Structures are given as C-alpha cells and as structure tokens.
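Q: Need coordinates for the following:
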Amino acid sequence: MSEWIFEALGIHIPLKKMYPKHKFIISYKSNLVGKFFNNVTPFSSGGQPFQAYILTKYGLKMSDTFSVLMMKFIVYETCLISWVFILIGVNFEFFNKTLGGHMPLIVLGFIMNLIAVSFILVAGVNKKVILKIAKPIIRLAAKIKFGQRHLIKDLDAAIKHAEDSVSNYSNQFNEMRKQRRNLLKMYIVGMVQLLSYFSITYMIYRAFGNTGVSYLEVIMVQSVLLLTMSFIPTPGSGLGAEGIFGLFFNEIYKIGLNMAILFWRLYTYYFPIVIGPFALVSVNRKVVNEELKDIK
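A: Coordinates of the predicted model:
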C-alpha cells in the first residue's frame, strides 16, 4: 500500500542522513512491525518501542532511533492537524453541517493530540522536566516486587541509565531540529502519506455506490475522524473507532455504512496485524543468521 511506503519513507529520510548505508527495506520492515504493535497495544503505545528495537538489530543506536521516531511522530501530528485545518477551511459550511454537532468530541481529540506533541517537544528541549517526572516513577518501580525479586534491582544504575537516555535523546532531538531540509521532506512525505490513508475511505464510499459528496468532503470527515480516534485507549482504537466512523459518516452514506466500516477496518487495522508478523519473522531470521555466522 502506498500509505505504508510513504510512512516508512518518513523515518528513512532522517535515518539515511545519520547512516548513509541504511537501506529503505529496513525502514519498511520496521514500519510494518510498528504498525502491528500499534494495533495490538492500548493507546498505540507499543509500535515505536518495537520499531526502535527492530532498527537496533540492524546496528542503529537506540538513542538515534528514538529521536527519529519521536520527530516523525511530531511531524505526523503536524501534518494531521494541517490537513484538518486546510480541509475545514476549504469547506467550513459542510463541516459545520455534518460534524458541528460533534464538536466536544472533536475538541477533545485535538487537545489529546496537542498534549502528546507538547510532551515530546518538552522532552527534547528541556530534559530536566522529564527527569523530574521519570525519577519518582523509577524509585516507585524499584520498590515493587515480583515474588522475591524487585522490578528494578539497582536503583542508582537505573536512574543513571535514564539520565543518559534522556540526555542522548535531547541531544539527537536538538540536532535534528537544525536539519530544516530533512524536516521539510518529512513534512511533505507525511502530507502525502495521510492523503493516501484518507483516500481509502473515499474509495470505499464510492465502491458501495454512494454519490453526492465530493472527494475533499469525504477526506475532510476522515481527517477529523483520525484526529478524534487518538484518545481511545483500546488497542487500535477498537470499537471506539468503528463507533465514531458510524457517527461521523452517518449522514454521508446512503448505502452500506456498516459494510463500509468493516472494509475500512480490514484495510487500516486488521491487514497490518496480518502482515506485521511476517516482517518480524524476517528480522528475527536475519538476526539468527548473523549470530550463527559469528559462531562459525
């Protein structure tokens, strides 16, 4: 799918700058694994850690991968908000007529996205604030036991590791901020990625024989839907995403709304869950082969 290619390209651009020999196929595989874990973990929280883990298996530094992934997230959110405002600005009358009654839900989604972006920006710009939050959590975790073992064995070492990680992330983050050309490339790729994603909804809309609503109007509703889905805590925004889709598109669809929801989730949710493990197996096979080569 074109959306997956552009999404992978969004992290490949900065990684290629850091690692000139880095290959696109590695970025693509890590992206598929990230999509899989995003769809099976609450708040889509598992994707980036596993994506970073996959990239380290190919020799990339953890601090580098996390800084790239966090910057990619900021760019993605910026692109999403840009599309929402652009599309609403193009046809505010349609937005007000179709979605005006759901403003509390939309505003909540916007606020949640803004909080997430703000937290990552603060982490990159002011590491002291993040350490003030992280250290009490680490100390609390050190007191928790599983059987006879503490969750954190060495408190001082854990705090030192957190300080080093935050410092490395902050340094890489600030370095990436200076790469304005790369950021512009990431932004353009991110806008195209989201347009590809929104277009799926329009194709499903037309596939069921619906007419009367333009391409821009359908993708405008889809952009607001994606913005609103972010605060749903279930894995892959399950159940909530389907409900909001039905709520937002109810007045647009004349035929096949329930089937449209099913096909939309098949393309955007279940298909990545099916494909993702194959990418993970491919990475694991490569790692095992490298280890066997070292033994020989």
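Q: mind listing what residue 206 touches?
A: With contact set as CB atoms under 8 Å, 6 or more residues apart in numbering, residue 206 has no partners. C-beta coordinates here come from the backbone N, C-alpha and C atoms, glycine included.
Q: Show me how far the one helix or strand it maps to is from its chain's centre.
A: Element membership for residue 206, per DSSP states H and E: helix 180-207. Offset of helix 180-207 from its chain centre (CA atoms, centre = their mean, to the nearest Å): 14 Å.
Q: Please give the element, helix or strand, for the residue nearest the centre of the chain.
A: Taking CA atoms, centre = their mean, the centroid of the chain lies closest to residue 73, which sits 5.9 Å from it. Using DSSP H and E, residue 73 sits within helix 62-90.
Q: list the helices and strands the helix or strand that that helix is followed by packs on?
A: Remark: after helix 62-90, the chain's next helix or strand is helix 92-99, criterion DSSP H and E. Helices and strands touching helix 92-99, by 3 or more CB pairs under 8 Å, 6 or more residues apart in numbering; DSSP states H and E, are helix 215-229.
Q: So which bits of the first helix or strand past the helix it packs on going along the chain are buried?
A: Scanning forward in sequence from helix 215-229 by DSSP H and E, the next helix or strand is helix 240-249. Residues of helix 240-249 classed as buried: 241-242, 244-245, 248-249 (neighbour count, 16 or more other CB atoms under 10 Å).
Q: so how far is helix 240-249 off the chain centroid?
A: Distance of helix 240-249 from the chain centroid (CA atoms, centre = their mean) equals 20 Å.
Q: rewinding a little: Serialize the buried residues of helix 240-249 to JSON lines and add fields for pLDDT.
A: Putting the buried residues of helix 240-249 into JSON lines (pLDDT from 0 to 100) gives the following:
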{"residue": "241", "pLDDT": "87"}
{"residue": "242", "pLDDT": "89"}
{"residue": "244", "pLDDT": "91"}
{"residue": "245", "pLDDT": "93"}
{"residue": "248", "pLDDT": "94"}
{"residue": "249", "pLDDT": "95"}
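Q: ok, now how distant is residue 176 from residue 11?
A: Counting by CB to CB, to the nearest Å, the separation of residue 176 from residue 11 is 12 Å.
Q: which residues are common contacts for the two?
A: residue 68.
Q: Would you list the phi and psi of residue 179?
A: With angles defined as degrees, to the nearest 10, residue 179 sits at phi -90, psi 70.
Q: Now it: closest residue in space, sequence neighbours ignored.
A: Sequence neighbours aside, residue 17 is the residue nearest to residue 179 in space, at 6.7 Å (criterion: CB to CB, 6 or more residues apart in numbering).
Q: Now do the same for the one you found: helix, strand or coil?
A: When classified by DSSP: H, G, I helix; E, B strand; the rest coil, residue 17 comes out as helix.
Q: What of the one 4 residues further on?
A: For residue 21, the assignment made with three-state DSSP gives coil.
Q: what's around it, how many residues?
A: Close neighbours of residue 21, defined as other CB atoms under 10 Å, add up to 6.
Q: low-scoring pLDDT stretches of the stretch 101-250 of the chain, where are they?
A: Scanning the stretch 101-250 of the chain with the threshold set as pLDDT under 70 gives 146-148, 151, 231, 233-238.
Q: Distance-wise, check residue 199 relative to residue 36.
A: Residue 199 is 22 Å from residue 36, by CB to CB.
Q: more crowded one of the two?
A: residue 36 (23 against 16).
Q: Touching, the more buried one and residue 271? I think so.
A: No. In this structure, residue 36 is not within contact of residue 271 by CB atoms under 8 Å, at 10.4 Å.
Q: excluding its backbone neighbours, what's nearest residue 13?
A: residue 185 (5.1 Å).
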